[in-house]
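*Asks:* A structural model of the following input is requested.
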Amino acid sequence: MALKPLDYENLNENVKKCQYAVRGELYLRASELQKEGKKIIFTNVGNPHALGQKPLTFPRQVVALCQAPFLLDDPNVGLLFPADAIARATHYISLTSGGLGAYSDSRGIPGIRKEVADFIQRRDGYPSDPELIFFTDGASKGVQQILNAIIRNGNDGILVPVPQYPLYSATIALLGGCLVPYYLEESANWGLNILALRQSVAQARSQGITVRAMVIINPGNPTGQCLSEANLREVLNFCYQNDLVLLGDEVYQQNIYQDERPFISSKKVLMDMGPPISKELQLVSFHTVSKGYWGECGQRGGYFEMTNIPPRTVDEIYKVASIALCPNVPAQIFMGLMVNPPKPGDISYDRFISESKGILESLRRRAQIMTDGFNSCRNVTCNFTEGAMYSFPQIRLPPRAIEAASRAGKVPDVFYCLKLLEATGISTVPGSGFGQKEGVFHLRTTILPAEEDMPAIMDSFKKFNDEFMAQYEDHHGYSRM
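*Replies:* Predicted coordinates:
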């Protein structure tokens with residue numbers, strides 16, 4: 001019988017090529033075990049509310065009123081909602097063309113894009129144009145939109161840090177482009193090496209690849225490092241010299257757990273450098289409501305800001321955005337609230353500060369608990385999570401474990417993570433899903449489980465790991481380092 005258009009053999013080959021490990025084999029097996037009644041701790045994805053983080057009160061109050069505007073007409077509304085939440089909901093409804101159920105402009109509601117532009121100006125000290133800010137259904141959609149505009153054919157390459165968030169590898173594969181890896185240095189706390197960047201570009205060009213863009217993830221996912229201002233200057237100069245557009249994935253900018261390297265945006269460093277680079281280098285920066293102390297992943301709210309992008313290109317990106325009509329409107333309001341939260345003197349200010357500060361301080365403690373826990377384990381080393389919401393420990397697997405994985409038809413770190421899942425219920429992502437150097441193995445876990453649960457989780461991991469190592473080590477032991 002002839003193949004039908006949607007039979008597997010007849011699918012677009014790019015669909016088959018793209019892989020997304022965060023929701024891959026480990027996640028699917030964890031879901032099966034959960035259905036069988038096993039308690040699963042899903043640390044495979046940065047999904048704060050799913051692991052018990054409570055939503056911030058003020059933004060939920062505002063959006064609740066926007067979703068049910070008839071409440072604003074109730075004479076008792078002031079008994080349930082604070083006056084500043086009522087005022088803000090009234091303001092946002094007035095910016096829409098018919099409430100949250102009406103389409104907005106394809107870039108997003110102009111008044112809320114203005115709030116984002118004001119936030120960027122306060123953060124960086126330089127003006128931001130609301131017309132160059134596009135709202136998207138999560139930052140991921142924005143990344144896909146921009147990569148779609150950049151990748152023209154199979155010879156177009158995108159420089160991506162390795163280890164990398166598989167959004168990039170999957171999207172590049174789906175669009176038929178070429179991922180050009182540059183390796184971060186684990187021994188230098190996942191630092192970025194400009195020499196390695198140059199070598200990656202030279203090697204790609206020798207293979208006929210046209211390198212068109214560079215991705216940085218700051219703070220890093222899965223590696224958790226924060227880029228210094230000096231590092232960012234090097235990256236910007238490198239992109240300028242090589243005529244690359246820089247894609248700045250800055251979705252974890254609120255998630256900083258040390259004081260030595262605060263978050264600095266790529267745009268601020270670019271503007272500080274002055275002409276000609278500040279007037280010429282093309283930059284697209286991404287942010288979201290899914291991370292930070294907000295953690296509103298399911299709302300799917302994000303934006304990108306374009307710097308030094310020609311007007312005709314902006315028009316083309318707008319045209320493509322308009323195909324989907326508009327980003328979801330409730331998430332646009334969450335974005336407005338994120339960039340313009342309660343101010344000192346507002347009724348909701350003290351509660352908002354208490355909630356947000358409490359989340360960040362707890363995440364900072366959890367980052368330390370997890371780092372210390374991994375480093376106490378046999379054949380495991382882990383850099384401190386400076387930012388974002390992940391640990392990415394290296395697991396030094398004994399040769400006998402690697403042989404057992406091969407016999408089972410599994411990549412070694414997938415084999416390890418599956419054993420960990422079966423024994424403990426901890427669902428992680430193998431490092432091979434993010435890319436890593438040959439012969440080196442990792443896993444990624446979030447630091448998001450509840451703080452009170454963290455010691456027991458790390459004890460469970462340590463017990464499994466040490467028993468696993470004892471099972472597969474010979475009497476001489478084994479260590480890669």
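*Asks:* buried residues in the lengthiest helix in the chain, which are they?
*Replies:* Longest helix in the chain, counting residues (DSSP state H): helix 349-375. Neighbour counts over helix 349-375 (16 or more other Cβ atoms under 10 Å) mark 352, 355-356, 359-360, 362-364, 366-371, 373-374 as buried. Backbone N, C-alpha and C define where each C-beta goes, glycine included.
*Asks:* and these, which is closest to E305?
*Replies:* Minimum distance to E305 across these is 22.9 Å, recorded for S356 (Cβ to Cβ).
*Asks:* which residue is the nearest non-sequential neighbour of the closest one?
*Replies:* Closest residue to S356 apart from its sequence neighbours, by Cβ to Cβ, 6 or more residues apart in numbering: Y293 at 4.4 Å.
*Asks:* quick one: secondary structure of the residue lying closest to N153 once chain neighbours are set aside?
*Replies:* Leaving aside its chain neighbours, N153 sits nearest to G176 (6.9 Å; criterion: Cβ to Cβ, 6+ apart). When classified by DSSP: H, G, I helix; E, B strand; the rest coil, G176 comes out as coil.
*Asks:* ok, G176 - contacts?
*Replies:* 14, 151, 153-154 (Cβ atoms under 8 Å, 6 or more residues apart in numbering).
*Asks:* residue boundaries of the helices in the stretch 51-200 of the chain?
*Replies:* Using DSSP state H, counting those that start in this stretch, the helices of the stretch 51-200 of the chain run over residues 57-67, 77-80, 83-95, 110-124, 139-150, 166-174, 194-206.
*Asks:* and the ones you listed: which comes nearest I402?
*Replies:* Closest to I402 of these is helix 166-174 (Cβ to Cβ; 23.0 Å).
*Asks:* who touches the closest one?
*Replies:* Residues contacting helix 166-174 (Cβ under 8 Å, 6+ apart): 14-15, 17-22, 140, 143-144, 147, 151, 158, 160, 178-179, 215, 433-435.
*Asks:* which of the residues you listed fall in strands?
*Replies:* Among the contacts of helix 166-174, DSSP state E puts 158, 160, 178-179, 215 in strands.
*Asks:* the residues you listed into a markdown table, with extra columns for distance to D105?
*Replies:* Below are those laid out as a markdown table (distance: Cβ to Cβ, whole Å):
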| residue | distance to D105 |
| --- | --- |
| I158 | 29 |
| V160 | 31 |
| C178 | 34 |
| L179 | 33 |
| V215 | 28 |
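*Asks:* among those, which pair sits farthest apart?
*Replies:* Using Cβ to Cβ, the pair of these lying farthest apart is C178 and V215, separated by 13.2 Å.
*Asks:* wait, what's in contact with C382?
*Replies:* Contacts for C382 (Cβ under 8 Å, 6+ apart) come out as 370-371, 374-375, 391-394.
*Asks:* what does C326 give?
*Replies:* By Cβ under 8 Å, 6+ apart, the contact list for C326 reads 103-106, 108.
*Asks:* could you check the pLDDT of it?
*Replies:* What the model reports for C326 is a pLDDT of 93.
*Asks:* phi, psi of it?
*Replies:* Main-chain torsions, C326, degrees, to the nearest 10: phi -160, psi 160.
*Asks:* distance check, it against T96.
*Replies:* C326 is 11 Å from T96, where distance means Cβ to Cβ, to the nearest Å.
*Asks:* thinking again about what came up before, may I ask which two of the contacts of C382 are separated the most?
*Replies:* Most distant of the contacts of C382, by Cβ to Cβ, are M370 and Q394, 14.1 Å apart.
*Asks:* could you pull out the strands for the chain?
*Replies:* When assigned using DSSP E, the strands of the chain occupy the ranges 41-42, 133-136, 156-162, 178-183, 210-217, 245-249, 283-288, 302-307, 380-381, 390-391, 394-395, 426-427, 429-430, 443-446.
*Asks:* I'd guessed L71 sits against V63; true?
*Replies:* No. L71 is not in contact with V63 according to Cβ atoms under 8 Å; the separation is 11.8 Å.
*Asks:* so between the two, which is more surrounded?
*Replies:* V63 (23 against 16; other Cβ atoms under 10 Å).
*Asks:* so which of the buried residues of helix 349-375 comes closest to R407?
*Replies:* Of all these, R407 sits closest to F374, with 27.3 Å by Cβ to Cβ.
*Asks:* S391 is in contact with that closest one, correct?
*Replies:* Yes. Counting by Cβ under 8 Å, F374 does reach S391; the two are 6.3 Å apart.
*Asks:* how about the helices of the stretch 51-200 of the chain in JSON lines, adding distance to A331?
*Replies:* Shown next, in JSON lines, are these (distance: least, Cβ to Cβ, whole Å):
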{"stretch": "helix 57-67", "distance to A331": "9"}
{"stretch": "helix 77-80", "distance to A331": "24"}
{"stretch": "helix 83-95", "distance to A331": "12"}
{"stretch": "helix 110-124", "distance to A331": "10"}
{"stretch": "helix 139-150", "distance to A331": "11"}
{"stretch": "helix 166-174", "distance to A331": "18"}
{"stretch": "helix 194-206", "distance to A331": "34"}
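*Asks:* still on that earlier bit, let me know the closest of the ones in strands among the contacts of helix 166-174 to M469.
*Replies:* Among those, V160 lies closest to M469 (Cβ to Cβ), at 32.2 Å.
*Asks:* neighbours of that closest one, just the number please.
*Replies:* Neighbour tally, V160, other Cβ under 10 Å: 25.
*Asks:* same question for the one 3 residues further on.
*Replies:* Other residues lying near P163 total 26 when counted by other Cβ under 10 Å.
*Asks:* for I158, see how far away the residue nearest to N153 is.
*Replies:* G176 sits at a distance of 12 Å from I158 (criterion: Cβ to Cβ).
*Asks:* what residues are shared contacts of the two?
*Replies:* By the contact definition Cβ under 8 Å, 6+ apart, G176 and I158 are jointly contacted by I151.
*Asks:* now the longest helix of the chain, how far from the centre of its chain.
*Replies:* 18 Å (Cα atoms, centre = their mean, to the nearest Å).
*Asks:* compute the inter-axis angle for that helix and helix 57-67.
*Replies:* Angle of helix 349-375 versus helix 57-67, following axes from the mean of the first three to the mean of the last three Cα atoms, to 10 degrees, is 120 degrees.
*Asks:* by how many degrees do helix 349-375 and helix 83-95 diverge?
*Replies:* Helix 349-375 runs at 90 degrees relative to helix 83-95, counting by the same axes, to 10 degrees.
*Asks:* average pLDDT for helix 349-375?
*Replies:* Here the average pLDDT along helix 349-375 is 94.
*Asks:* other SSEs contacting that helix?
*Replies:* Applying 3 or more Cβ pairs under 8 Å, 6 or more residues apart in numbering; DSSP states H and E, one finds that helix 349-375 contacts helix 57-67, strand 380-381, strand 390-391, helix 454-472.
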